[in-house]
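Colleague: attaching a predicted model along with its sequence, questions to come.
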Amino acid sequence: MPFLITTRRPKRPLDHPTEALLADAIEGQIVPRASQHPGIISMLWSISADRLTLTVTTEWQTDADRDRALASQAHSQNGDVVNAILGDLVEPPRSDPWDLVHRAVFTANH
């Protein structure tokens, strides 16, 4: 299963206005642009306050779909939007292709 995992590490914790701005950008700009890529299956955004890490995990139908998306202008534009909101990063963003052999997802019903 082809995945792309992109990680950013901001230098400072995100305050509530920055979190809200990021959420608005994700829902209003990034997801609509990313959803246009042929072969995308899913996208998961994870923001860790204790680790100062933003991780985006996308699942793809094929390696070729993932690789085209990684090289696309939309991927670059989405990265620019996120970087502008986050400000200074500890290190440059990383986008790593992964080929998972198994994935299990569940939602607890409490």
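Modeller: Sure, I can see it. Since this is a predicted model, take the numbers as computed values, not measurements.

Colleague: ok, which stretches of the protein are helices?
Modeller: 16-25, 31-34, 63-70, 73-86 (DSSP state H).

Colleague: out of those, deepest packed?
Modeller: helix 63-70 (a mean of 17; mean count of other C-beta atoms under 10 Å). Heads up, the C-betas are built off the backbone N, CA and C, glycines and all.

Colleague: report the distance from it to the chain centre.
Modeller: Its chain's average C-alpha position is 14 Å from that of helix 63-70, according to C-alpha atoms, centre = their mean, to the nearest Å.

Colleague: that helix - what's its average pLDDT?
Modeller: Along helix 63-70, the predicted local confidence has a mean pLDDT of 95.

Colleague: for it, name the packing helices and strands.
Modeller: For helix 63-70, the contact count by 3 or more C-beta pairs under 8 Å, 6 or more residues apart in numbering; DSSP states H and E identifies strand 2-8, strand 53-60, strand 94-99 as packing neighbours.

Colleague: of all those, which lies closest to Asn109?
Modeller: Among these, the nearest to Asn109 by C-beta to C-beta is strand 53-60 (23.2 Å).

Colleague: make JSON lines from the helices of the chain and add distance to Leu100 to it.
Modeller: What follows is those, written out as JSON lines (distance: least, C-beta to C-beta, whole Å):
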{"stretch": "helix 16-25", "distance to Leu100": "26"}
{"stretch": "helix 31-34", "distance to Leu100": "19"}
{"stretch": "helix 63-70", "distance to Leu100": "12"}
{"stretch": "helix 73-86", "distance to Leu100": "20"}
